[in-house]
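# following is a predicted model, sequence given first.
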Amino acid sequence: MFTTTSITQGRSFVIIAGVLWSTGGPLIRLLEGASEWQFLFYRSIALATALFLLIRIKSPNTITQFKKAGIASVIGGLFLSSAFVTFVFSVTHTTIANTLFMLSSAPFIAGLFGWILLRERIDKTQWTAMTAAAIGILLMIQDGLSGDTLFGNLTAFAAAVGFAGFTVSLRWGKNENMLPAVCYAGLFTIFFSAFAAVFLNDGLSISRNDLFIATGFGAFGLGFGMVLYVAGSYKIQAAELVLLSLLEIILGPIWAWMFFSELPTSLTMIGG
């Protein structure tokens, strides 16, 4: 049983993670010419390297830490890798607000997964919120039934599913150090993005500006945020865990409006 202090600390960690992640969409807007796959490749190298070094510092026997994290960390890594990829493609095919509002369905998806797989209880308030979220998602998809906007909305929803699956995997393996799950996500994304970049003839050469953005956010914004999120996962349930991280949903569109004059449509705002 966690103490009130430990639960409060866990909540604080997750809220800070949401603030750090909120800079991701706006930073993608600052890329000069890197494709989605190139950005993902370098961001994931920085993320995986930072997490591996942290795991190494915490325990010299790094291989043992990966083994102890078990299959939950591998599955969590696959879910998170899918969220990484689909989030970036969503941001490049619709507004940041669209992407983040759609991502706000993640707590309810995580709650549903947690209820089915981990028997974590969902109360009436959460069921009501999940129903409202489903209606909001339908409104946002209705607002973009053609072209890039529809693709952006669908990939954002896929990112929400991936992030929810990652969160439930953390709860599944909560008795072990689950940082290897984030490291796996980085490694999987490196492999997928390198293959795609070469296959699509994008290559892996990008400008210094884009390299700085990708590696800087990968190591610090995304990496440190993930460390805090994993730390919080030991103390609070899956639905609340994702819900608290959604400060990203509030701040992301604000940054987009402040720095890029990017506003969502009225229907998207209502759905969000």
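Sure thing, it's come through. Numbers count the residues shown, from 1 in each chain.
# other SSEs contacting the helix or strand harbouring Asn209?
Asn209 belongs to helix 208-216 when elements are defined using DSSP states H and E. If you count contacts as 3 or more Cβ pairs under 8 Å, 6 or more residues apart in numbering; DSSP states H and E, helix 208-216 packs onto helix 36-58. Any C-beta I mention is one placed from the backbone N, CA and C, and that applies to glycine too.
# who are the packing partners of the helix it packs on?
helix 62-91, helix 179-199, helix 208-216, helix 223-233.
# tabulate these in CSV, adding columns for distance to Glu262 and mean pLDDT.
Converted to CSV, the helices and strands packed on helix 36-58 look like this (distance: least, Cβ to Cβ, whole Å; pLDDT from 0 to 100):
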stretch, distance to Glu262, mean pLDDT
helix 62-91, 11, 94
helix 179-199, 25, 95
helix 208-216, 18, 97
helix 223-233, 22, 91
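# tell me which of the ones you listed sits nearest to Gly10.
helix 223-233 (4.1 Å; Cβ to Cβ).
# the closest one - contacts with which helices or strands?
Using 3+ Cβ pairs under 8 Å, 6+ apart as the test, helix 223-233 ends up in contact with helix 4-21, helix 36-58, helix 147-172, helix 179-199, helix 238-244.
# ranking those by mean pLDDT, which is last?
Here the lowest mean pLDDT among the helices and strands packed on helix 223-233 goes to helix 238-244, at a mean of 75.
# please identify the buried residues of it?
Under the neighbour-count criterion of 16 or more other Cβ atoms under 10 Å, helix 238-244 has Ala238, Ala239, Glu240, Leu241, Val242, Leu243, Leu244 buried.
# just the C-alphas of it, formatted as PDB.
Below are the C-alpha coordinates for helix 238-244, written out as PDB (Å, rounded to 0.1, in the frame of the first residue of the first chain):
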ATOM      1  CA  ALA A 238      -3.200   3.300 -15.300                       C
ATOM      2  CA  ALA A 239      -6.200   5.500 -16.000                       C
ATOM      3  CA  GLU A 240      -5.000   8.200 -13.500                       C
ATOM      4  CA  LEU A 241      -1.400   7.900 -14.700                       C
ATOM      5  CA  VAL A 242      -2.300   8.900 -18.300                       C
ATOM      6  CA  LEU A 243      -4.900  11.400 -17.200                       C
ATOM      7  CA  LEU A 244      -2.300  13.400 -15.100                       C
END
